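Chemist: Here's my sequence, what's the structure:
(one chain, ligands or ions: 1)
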Amino acid sequence: MSSLPHLDFSTCDLCDEYKADESGTFRYVPTVFQNYGAREKFAGPVLTIKCCEDNSHVKQAVESEGHGRVLVVDGGASMRKALLGGNLAAAAQRNGWAGVVIDGCARDAAELAVLDLGIRALALNPMPTQRALQGQTGLPVFIQGVRVQTGDWLYADADGMVISSQALHRVS
Ligand SMILES: O=C([O-])CC(=O)C(=O)O
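Modeler: This next block holds a predicted model:
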């Protein structure tokens, strides 16, 4: 799909390779996330956000330079408000983020579907969040019980998502 060297992976191959690794550096993310963007396959170093029904920190992050990173948002799996919508996702694409993973909801499905950005969330919800600057950026978080920290690598494709403490891509 892409000639970018860091997209030369498959999550199935990575799981085959690391399935016996019990060091905790390789983590598989439960496959409860839906794909809402036009970029199904993406990978990059992670920036974490933890927030609850307040997407102030998500807005700040996507309005900054992404440099090919993946924004991972621990939204507490809330089904009540959407932490990402069409405007913020468009900003993420424009600013060079590889993807946004929301352990929570997104909205504006039609706008998300045409963006060349990895977008994973648990579900859609039309209700926006508050913006009262609640939340934290850069701290270790959990998505669906899986620990993720800033600087980890996230790999996503049609089969699912995995997290690694180190980059696993081929650099040749
Ligand atoms: O603004 C928000 O909170 C989310 C949204 O709808 C957008 O990004 O377009």
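
Chemist: near the ligand, anything from the helix or strand harbouring residue 102?
Modeler: Using DSSP states H and E, residue 102 sits in strand 99-106. No. Judged by C-beta under 6 Å from any ligand atom, strand 99-106 makes no contact with the ligand; its nearest approach is 8.4 Å. All C-beta spots, glycine's among them, are computed from the backbone N, C-alpha and C.

Chemist: so what does that strand touch, helix or strand wise?
Modeler: Counting by 3 or more C-beta pairs under 8 Å, 6 or more residues apart in numbering; DSSP states H and E, the packing neighbours recorded for strand 99-106 are strand 70-74, strand 82-84, helix 86-94, strand 118-124, strand 153-157.

Chemist: what do you get if the cut-off is 6 Å, keeping everything else the same?
Modeler: Under the contact criterion of 3 or more C-beta pairs under 6 Å, 6 or more residues apart in numbering; DSSP states H and E, strand 99-106 touches strand 70-74, strand 82-84, strand 118-124.

Chemist: So is the very next helix or strand once past it next to the ligand?
Modeler: Downstream of strand 99-106, the first helix or strand assigned by DSSP H and E is helix 109-112. No. Counting by C-beta under 6 Å from any ligand atom, the ligand is not contacted by helix 109-112; separation bottoms out at 7.4 Å.

Chemist: Only the buried residues of helix 109-112, if you could.
Modeler: Going by neighbour count (16 or more other C-beta atoms under 10 Å), the buried part of helix 109-112 is residue 112.
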